[in-house]
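Give me coordinates for this.
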Amino acid sequence: MKAGLDVGLQQEVTVTVTSEMRPQFDGVVVHDVYSTAAMVHQMEHAARKILLPYLEEHEEGMGVSVTVHHLAPAPVGAVVRAVATVEEFSPRKIVTAVEVYSGDVKIGKGLVVQAVLPKEKIRERIADSN
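Presented below is the predicted three-dimensional model:
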């Protein structure tokens, strides 16, 4: 990883909740609100935005784990903001705390952990899984 990454560094992703972001299973919409799955996507996106500038040409990030607590609903049309903050890192791992807001209301929180691996190692792992 390139130098400069530090604890406390932040990035964010802002989206407007669409009907595609609602929780649905087998084509049936459960609630007319922002789903936990969509929240996880925005959390991972914000965490990745932190990592990208620090990857060397031969490296790539790969998700290891996501812990999420969905605290409150956000309706379709709401603007949702995921803010990721570096909590800890090493040359091979970055841990970010992520808080998700709808307006001033915290609607989610959690941790996103990413591994930093050589691209070749990732290609090998993918090939081995086939």
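
which helix of the protein spans the most residues?
helix 36-51 (DSSP state H).

and that helix, what does it pack onto?
Packing contacts for helix 36-51, counted by 3 or more C-beta pairs under 8 Å, 6 or more residues apart in numbering; DSSP states H and E, involve strand 10-16, strand 59-70, strand 79-90, strand 93-102, strand 105-118. The C-beta positions use only the backbone N, C-alpha and C, and glycine is treated the same way.

Return the most buried member of those.
Among the helices and strands packed on helix 36-51, the stretch with the highest mean neighbour count (mean count of other C-beta atoms under 10 Å) is strand 93-102, at a mean of 22.

Can you name every helix or strand that that strand contacts?
For strand 93-102, the packing partners by 3+ C-beta pairs under 8 Å, 6+ apart come out as helix 36-51, strand 79-90, strand 105-118.

mean confidence for it?
With pLDDT averaged residue by residue, strand 93-102 scores 98.

and if you look at stretch 18-26?
The average of the pLDDT scores along stretch 18-26 is 95.

try stretch 62-77
Stretch 62-77 carries an average pLDDT of 97.

swap in stretch 114-128?
Mean per-residue pLDDT for stretch 114-128: 93.

how far does that stretch sit from the chain's center?
Averaging C-alpha positions (C-alpha atoms, centre = their mean, to the nearest Å) puts stretch 114-128 19 Å from its chain's average.

CA-only coordinates of it in PDB, if you can.
C-alpha atoms of stretch 114-128 as PDB (Å, rounded to 0.1, in the frame of the first residue of the first chain):
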ATOM      1  CA  GLN A 114     -11.000  -5.200   3.600                       C
ATOM      2  CA  ALA A 115      -7.900  -7.300   2.800                       C
ATOM      3  CA  VAL A 116      -5.200  -5.900   0.500                       C
ATOM      4  CA  LEU A 117      -3.800  -8.600  -1.800                       C
ATOM      5  CA  PRO A 118      -1.700  -8.900  -4.900                       C
ATOM      6  CA  LYS A 119      -4.100  -9.000  -7.900                       C
ATOM      7  CA  GLU A 120      -2.400 -12.200  -9.000                       C
ATOM      8  CA  LYS A 121      -3.300 -13.900  -5.700                       C
ATOM      9  CA  ILE A 122      -6.900 -12.800  -6.100                       C
ATOM     10  CA  ARG A 123      -7.000 -14.200  -9.700                       C
ATOM     11  CA  GLU A 124      -5.500 -17.500  -8.400                       C
ATOM     12  CA  ARG A 125      -8.200 -17.700  -5.600                       C
ATOM     13  CA  ILE A 126     -11.000 -17.100  -8.100                       C
ATOM     14  CA  ALA A 127      -9.600 -19.700 -10.500                       C
ATOM     15  CA  ASP A 128      -9.300 -22.200  -7.700                       C
END
